[in-house]
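# coords please:
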Amino acid sequence: MHRENDIIEWAKSRGIFDPVHGSTRKRQADKTQEELDELFDAISDAQITSAMDAIGDIFVTLVIQAHMWNMSMDECIEAAWQEIKDRKGKMINGLFVKESIDDASPEEWDEVNRKSRL
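Have a look, this model is predicted:
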C-alpha cells in the first residue's frame, strides 16, 4: 500500500507503538473519529483542500490502527472487498442499503428511510 511503511515508521519514531507511553487501539480510534469530524467540517464548508487533508489523516490513523492489530491495509481492504464484491442492494436517499433489507417489512423500510434523513 502506498506510503503504509512510511506511516508505520513515522509512528514508531514518535513512540505511538511504545508499550508503556504509546497509543492504544481505543485512543487511535478516537483519533480516527477526530479526523472524521474534520472531514465532516470540510464537507459542510465545501473545502476541497481541507477534505483532502482530513481523508489523508483518516488513512494515517487507520494504517496505525491496522498495525496495532498486526494487519496491513492491503489485508483489510482485501477482507472488505471479499465481503462487498457480490453485495446487492439499492440506493435509498443517497445511501446504499444491502439487499438483505429488501426482505424487510414496510415498517422496517420506514425506519431505514427515517434514519437516512437524519
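
# Tell me which stretches of this protein form helices.
With DSSP state H as the definition, the chain shows helices at residue ranges 4-13, 25-45, 48-68, 73-84, 106-116.

# for these, which one ends up most surrounded?
Highest mean neighbour count of these: helix 48-68, a mean of 17 (counted as mean count of other C-beta atoms under 10 Å). For the C-beta atoms, the positions are set from N, CA and C on the backbone; glycine is no exception.

# Where does pLDDT dip in the chain?
1, 101-110, 112-118 (pLDDT under 70).

# could you redo the last one with a cut-off of 90?
Within the chain, the ranges that satisfy pLDDT under 90 run 1-2, 83-90, 92-93, 95-118.

# ok so, going back, for residue 19, find the nearest of the helices of the chain.
Relative to residue 19, the nearest member of the helices of the chain by C-beta to C-beta is helix 48-68, separated by 11.2 Å.

# From the chain's centroid, how far away is the closest one?
Its chain's C-alpha centre lies 9 Å from the corresponding centre of helix 48-68 when counted by C-alpha atoms, centre = their mean, to the nearest Å.

# ditto for stretch 47-57
Between the centre of stretch 47-57 and the centre of its chain there are 14 Å (C-alpha atoms, centre = their mean).

# Which residues outside that stretch are in contact with it?
Residues outside stretch 47-57 that contact it (C-beta atoms under 8 Å, 6 or more residues apart in numbering): 35, 36, 38, 39, 41, 42, 43.

# Using CSV, lay out those residues together with distance to residue 78.
Conversion of the contacts of stretch 47-57 to CSV gives the following (distance: C-beta to C-beta, whole Å):
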residue, distance to residue 78
35, 23
36, 23
38, 28
39, 24
41, 31
42, 29
43, 28
